[in-house]
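Participant: could you work out the structure for the sequence below:
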Amino acid sequence: MKKRVVSIGAVKIGDGHPIAVQSMTKTKTRDINATIRQIKRLERAGCELVRLAVVNKDDALALKKIKESVSIPLIADIHFDYRLALQAIESGVDKVRINPGNIGADWKLKKVIIRARERHIPIRIGVNAGSLPGDILKKYRHPDSRALVETVEHSLELFDKFDFKDIVISAKGADVRNTVDAYSVIHRKFSFPLHLGITEAGPSFTGGIRSGVGLGILLHRGIGDTIRVSLTADPVKEVTAGFEILNSLGLRKTGPVLISCPLCGRCEVELMPIVRSVQKRLKRYKNFMKVAVMGCVVNGPGEAREADFGIACGKGMGAVFSKGREIKRVKESILVDTLFEVIDENFDN
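Facilitator: As a prediction, this is how the structure comes out:
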């Protein structure tokens, strides 16, 4: 279904616009300096939207100073107290996230909607499996996909009642199948853009896998307009993982993609140090490129040829490829340096 276009600051989502990668700060928002430092790190990593927890009035007031110090659009994350949403809007945020499971009476939501309409600020209806309305949880007994969808439907009825259309929807849980099922239904039923995530996915490794599976299924089906990979880790890793998922599906082309073989008994070089060195040196490049580091003659030449740049290793040496052509063979000791000489001939970083 064609999605409405929603503007979050300078970032447009929906209706064919690039899928945006977002993260969330892990500082106390009222700690203005620490929060600004973290946001600037996220900006350097390519993050396109950032959400901040607004727990109390000090957090809400801090948003104004933070907004003045960064360029990335800010999203205020609101739970329980509608007055914090009102203050966040006054502080100049670019979007507000409301949790319908805990925001309270309809009149409170109406006040937020009126203020958001006045300031042309979109609202995300952020449904979480861990905080569903009591009546819906009682009805379904567990926060399954039906409970997530019904919560979204009820919330949209209220927004429609107040004639507010500048909406983004999310319906997330830690269970991958429930989350995929819920988003699939919501995508078919509504034209509002969708923010995707697997909530509380876990630490970097396991959380990255869980997020990659869930988000990958949805994105491959054409579902989703923004994503966040929720990790118990440095938020910069969330951004890196988000772009890696999009790059893997060909939905964005951002930064280098490293392809390397998993090693086996056919490998005749010390490949792991080579891969680590290439991975480290690629961090300074912003251009999209595929770089293959392969350890043997079985798949090595083919993969290296298909990449933009690559290495295919033999015994104590390797062939360097550029744009599908083998251009030279060198000793293992200078293999990485030679690869980057070739890359630098093509890119000015």
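
Participant: state the phi and psi torsions of S7.
Facilitator: phi -100, psi 120 (degrees, to the nearest 10).

Participant: show me where the stretch 1-150 of the chain has helices.
Facilitator: 32-44, 57-69, 82-90, 106-119, 134-140, 145-161 (DSSP state H, counting those that start in this stretch).

Participant: make that the stretch 201-349 of the chain, sorry
Facilitator: Counting by DSSP H, counting those that start in this stretch, the stretch 201-349 of the chain has helices at residues 204-220, 235-248, 271-282, 300-306, 335-346.

Participant: from those helices, which stretch is densest packed?
Facilitator: Across those, the average number of neighbours (mean count of other Cβ atoms under 10 Å) peaks for helix 235-248, which reaches a mean of 22. Any C-beta I mention is one placed from the backbone N, CA and C, and that applies to glycine too.

Participant: what angle separates it from helix 204-220?
Facilitator: Interaxial angle of helix 235-248 relative to helix 204-220 (axes from the mean of the first three to the mean of the last three Cα atoms, to 10 degrees): 40 degrees.

Participant: any chance you could list what contacts helix 235-248?
Facilitator: 19, 21-26, 38, 41-42, 45-47, 204, 208, 211-212, 215-216, 219, 227-231, 252-255, 257, 288 (Cβ atoms under 8 Å, 6 or more residues apart in numbering).

Participant: packing partners of the worst-scoring helix or strand of the chain on mean pLDDT?
Facilitator: Counting by mean pLDDT, DSSP states H and E, the chain has its least confident helix or strand at helix 300-306, which shows a mean of 80. Under the contact definition 3 or more Cβ pairs under 8 Å, 6 or more residues apart in numbering; DSSP states H and E, helix 300-306 sits against strand 289-294, strand 309-313, strand 317-322, strand 325-331.

Participant: please save the CA atoms from that helix in PDB.
Facilitator: Provided in PDB are the C-alpha atoms of helix 300-306 (Å, rounded to 0.1, in the frame of the first residue of the first chain):
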ATOM      1  CA  GLY A 300      37.800 -16.500  -3.900                       C
ATOM      2  CA  PRO A 301      38.400 -15.300  -7.500                       C
ATOM      3  CA  GLY A 302      34.600 -15.400  -8.300                       C
ATOM      4  CA  GLU A 303      33.600 -13.400  -5.200                       C
ATOM      5  CA  ALA A 304      36.500 -11.000  -5.600                       C
ATOM      6  CA  ARG A 305      35.600 -10.400  -9.200                       C
ATOM      7  CA  GLU A 306      31.900  -9.700  -8.300                       C
END
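
Participant: before we move on, the earlier item: looking at the helices of the stretch 1-150 of the chain, which has the lowest confidence?
Facilitator: Mean pLDDT across these is lowest at helix 134-140; the value there is a mean of 90.

Participant: show me what the least confident helix or strand of the chain is in contact with.
Facilitator: Outside helix 300-306, the residues touching it (Cβ under 8 Å, 6+ apart) are 259, 261, 290, 292, 294, 310-313, 319, 321, 324-326.

Participant: please repeat the previous calculation with a cut-off of 7 Å.
Facilitator: Helix 300-306 has contacts (Cβ atoms under 7 Å, 6 or more residues apart in numbering) with I259, A292, M294, G310, I311, A312, C313, A319, F321, G324.

Participant: count of neighbours near K290?
Facilitator: The tally of other residues near K290 (other Cβ atoms under 10 Å) stands at 17.

Participant: list the contacts of it.
Facilitator: V257, I259, A307, D308.

Participant: bridging residues for I8?
Facilitator: V11 (DSSP bridges).

Participant: could the helices of the stretch 201-349 of the chain be laid out in a markdown table, adding distance to I13?
Facilitator: As requested, the helices of the stretch 201-349 of the chain are exported to a markdown table (distance: least, Cβ to Cβ, whole Å):
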| stretch | distance to I13 |
| --- | --- |
| helix 204-220 | 14 |
| helix 235-248 | 13 |
| helix 271-282 | 29 |
| helix 300-306 | 32 |
| helix 335-346 | 32 |
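
Participant: lowest mean pLDDT across those, which one is that?
Facilitator: Lowest mean pLDDT of the helices of the stretch 201-349 of the chain: helix 300-306, a mean of 80.

Participant: and it, how far out from the chain middle?
Facilitator: Remark: helix 300-306 is offset 30 Å from the chain centroid, using Cα atoms, centre = their mean, to the nearest Å.

Participant: ok, C296 to G310 distance?
Facilitator: Distance of C296 to G310, computed by Cβ to Cβ, to the nearest Å: 13 Å.

Participant: quick one: which of these two has more around it?
Facilitator: Shown here are C296 and G310; by other Cβ under 10 Å, G310 has more neighbours (29 against 20).

Participant: which residue, other than its chain neighbours, is closest to the more buried one?
Facilitator: A304 (2.9 Å; Cβ to Cβ, 6 or more residues apart in numbering).

Participant: if we can go back for a sec, out of the contacts of K290, which end up buried?
Facilitator: Buried members of those, counted by 16 or more other Cβ atoms under 10 Å: V257, A307, D308.

Participant: quick check, nearest of those to K3?
Facilitator: V257 (27.2 Å; Cβ to Cβ).

Participant: ok, that closest one - contacts?
Facilitator: For V257, the contacting residues are N247, K290, by Cβ under 7 Å, 6+ apart.

Participant: okay, and the beta partners of it?
Facilitator: Per DSSP bridges, the residues bridged to V257 are K290.

Participant: nothing else from me, thank you.
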